[in-house]
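[1] below is the sequence, then the predicted model.
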Amino acid sequence: MANKKQTLGEFIIENQAAFKYSSGELSSLINSIRLAAKVVNHEVNKAGLVDIIGAAGDVNIQGEDQQKLDVYANEKFIQTLTNRNIVCGIASEEEDDFISINSQDENHQNKYVVLIDPLDGSSNIDVNVSVGTIFSIYRRVTPIGTPVTIEDFLQRGNQQVAAGYVVYGTSTMLVYTTGHGVNGFTLNPAIGTFYLSHPNMQFPENGHIYSVNEGNYIHFPQGIKNYIKYCQKEEGDRPYTSRYIGSLVSDFHRNMIKGGVYLYPKSSLNSNGKLRLLYECNPMAFLAEQANGKASDGFTRILDIQPTELHERVPFVCGSKNMVEKVEEFMRDAQ
Ligand SMILES: O=P(O)(O)OC[C@H]1O[C@](O)(COP(=O)(O)O)[C@@H](O)[C@@H]1O
C-alpha cells in the first residue's frame, strides 16, 4: 500500500514495473503532464489579474469561440510534451489537425501519441468555477521513426496506455491511471509538489447525484427524459440530487468521490451530443472503468467504439456502475 505522503515522482518510480512498456518512458510522459499542469495552474490561479480571461478572438474546429486560457493551456501542453523525445504526435481539441513531432528525424525513437483537451469547462473560466485538463496516451501503431499518421490517433479507447485529468479547483489535483487503478495527487502550491492524497480511487457502485444540463430536457431522447423523471421521483432512496458544474472534469471528480452519474446525451440540437470521443470520453471512460465505474453512449461501451474522425462527438453516460446501467435500461426500454 503506497505511503500517503508519497510524492508523484516517488509514486511513478515505485509503480514503474506495472507499466507494460519501458518504465522510464511512462515517467517522462507523466512528468511532462505534471510540469505543464503546474504552469497552467499558475495562470489559472491568477486569471482575474492577468489578461487571460475572455475570448481569444478565434473559433476552433468545433465551431467554439476559443478562450484565451484555452489557447494558453494548449500552447503550454504542446510545448512541454514536444521537448521530451518521447512523444511522436499530439492531437488537441484546440487544433484542427494532429501535430507530428520529429517527423524529419527518422532515427527518433518516440513511441507515444498524446491527445489532450487542454482546458475543459471553458464556459467556467471567466466566472471562477473549476476547470480542468484531460489527457489520453497511446503507443503508436505505425513504424517507429516514420511520421505519425491519423491511424495512430484513431485507436479504440481500450488501447490507451494511460489517461488522466488535472482539476484546477479549490485545490489542484492530478488524477491518472495506467491500467492499474486510479490515483489522485494534490499539488502543494507552496513547494510545487504533487502528493498522493487519494490512493486507489473508486466509484461507489450506487450514488444519489445526477449531472446533466436539464436546460436541454425537451430535446433529449425519451429514454433520458424517463431516467431524469426516475431520478426526481419520491420513491426508495430517491429523489437524487441534481449537481451540474458544467465542467466534465469537476462533475466526474465529484461523482467518483461521492457516487453519481454524468450524462451528456444526444439531442435534437446535437445528434451526437457535445463531448469529443478522443479528448474527453475515452480518457474519462478508461478512468471510470479503472475506478470500478462504467461509461457508455447509452448502449455501447465507450472504450469499444472505433473512432473514425479526430474531432467526432459521442453521447456520454459515465459514473457509478449501477446508475449507468439504469440509464442504459431506460434507453433500451424507450427504443
Ligand atoms: O454548457 P453545456 O452544453 O452543458 O456543456 C458543458 C460541458 O461541455 C464541456 O465544457 C466540454 O467542452 P469544452 O472542452 O469546450 O469546455 C464539459 O466540460 C461540460 O460538461
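    Happy to help now that I have it.

[2] show me which residues of the stretch 51-200 of the chain sit near the ligand.
    Applying Cβ under 6 Å from any ligand atom, we find that the stretch 51-200 of the chain lies next to the ligand at 64, 93, 117, 120-123. Just so you know, the C-beta spots here come from the backbone N, C-alpha and C atoms, and that holds for glycine as well.

[3] next, the buried residues of stretch 126-146.
    126, 130-140 (16 or more other Cβ atoms under 10 Å).

[4] among those residues, name the ones in strands.
    131-139 (DSSP state E).

[5] of those, closest to residue 250?
    residue 132 (6.5 Å; Cβ to Cβ).

[6] got the contact list for the closest one?
    Remark: with contacts taken as Cβ atoms under 8 Å, 6 or more residues apart in numbering, residue 132 is in contact with 119-121, 165-168, 247-250.

[7] redo those as CSV? Include pLDDT, secondary structure and neighbour count.
    Shown next, in CSV, are those (pLDDT from 0 to 100; DSSP: H, G, I helix; E, B strand; the rest coil; neighbours: other Cβ atoms under 10 Å):
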residue, pLDDT, secondary structure, neighbour count
119, 96, strand, 29
120, 97, strand, 28
121, 94, coil, 22
165, 98, strand, 27
166, 98, strand, 30
167, 97, strand, 25
168, 96, strand, 29
247, 97, coil, 23
248, 98, helix, 25
249, 98, helix, 28
250, 98, helix, 24
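
[8] can you pull out the strands in the stretch 201-335 of the chain?
    209-211, 241-242, 261-264, 293-296, 316-320 (DSSP state E, counting those that start in this stretch).

[9] most tightly surrounded among the ones you listed?
    strand 316-320 (a mean of 29; mean count of other Cβ atoms under 10 Å).

[10] output that one as PDB - backbone C-alpha positions only.
    Provided in PDB are the C-alpha atoms of strand 316-320 (Å, rounded to 0.1, in the frame of the first residue of the first chain):
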ATOM      1  CA  PHE A 316     -21.800  10.100 -23.000                       C
ATOM      2  CA  VAL A 317     -23.100   8.400 -19.800                       C
ATOM      3  CA  CYS A 318     -20.400   7.800 -17.100                       C
ATOM      4  CA  GLY A 319     -20.200   7.100 -13.400                       C
ATOM      5  CA  SER A 320     -21.300   4.700 -10.800                       C
END
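
[11] dump stretch 116-125 to PDB, restricted to CA.
    Extracted in PDB, the C-alpha atoms of stretch 116-125 (Å, rounded to 0.1, in the frame of the first residue of the first chain):
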ATOM      1  CA  ILE A 116      -5.500  16.500 -25.000                       C
ATOM      2  CA  ASP A 117      -8.400  18.700 -24.000                       C
ATOM      3  CA  PRO A 118      -6.100  21.500 -22.800                       C
ATOM      4  CA  LEU A 119      -8.900  23.400 -21.000                       C
ATOM      5  CA  ASP A 120     -12.100  21.600 -20.100                       C
ATOM      6  CA  GLY A 121     -15.100  23.600 -18.900                       C
ATOM      7  CA  SER A 122     -14.200  26.700 -20.900                       C
ATOM      8  CA  SER A 123     -17.500  28.300 -20.200                       C
ATOM      9  CA  ASN A 124     -16.500  28.500 -16.500                       C
ATOM     10  CA  ILE A 125     -13.100  30.200 -16.900                       C
END
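
[12] quick one: closest of the strands of the stretch 201-335 of the chain to residue 180.
    Between the strands of the stretch 201-335 of the chain, strand 293-296 lies closest to residue 180; by Cβ to Cβ that is 15.8 Å.

[13] pull the number of nearby residues for residue 187.
    22 (other Cβ atoms under 10 Å).

[14] now it. Nearest residue, chain neighbours left out?
    residue 172 (4.2 Å; Cβ to Cβ, 6 or more residues apart in numbering).

[15] and for the one you found, the neighbour number?
    23.

[16] before we move on, what about residue 283?
    27.

[17] roughly how far does residue 47 sit from the ligand?
    15 Å (Cβ to the nearest ligand atom, to the nearest Å).

[18] before we move on, back to that, the residue nearest to residue 187 touches residue 186, doesn't it?
    Yes - at 7.2 Å, residue 172 counts as touching residue 186 under the criterion of Cβ atoms under 8 Å.

[19] about what we covered before: got TSV for the residues of the stretch 51-200 of the chain next to the ligand, with distance to residue 37 and secondary structure too?
    TSV is the format used below for those (distance: Cβ to Cβ, whole Å; DSSP: H, G, I helix; E, B strand; the rest coil):
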residue	distance to residue 37	secondary structure
64	22	coil
93	16	coil
117	13	strand
120	13	strand
121	15	coil
122	17	helix
123	21	helix
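
[20] show me which of those residues are buried.
    Applying 16+ other Cβ under 10 Å to those flags 64, 93, 117, 120-122 as buried.

[21] per-domain residue ranges of the chain.
    Following automatic domain parsing, one gets these domains for the chain: 8-198, 209-333.

[22] give me the distance from the longest one to the chain's centre.
    In this case it means domain 8-198. 10 Å (Cα atoms, centre = their mean, to the nearest Å).

[23] distance between the ends of that domain?
    The first residue of domain 8-198 is 11 Å away from its last residue (Cα to Cα, to the nearest Å).
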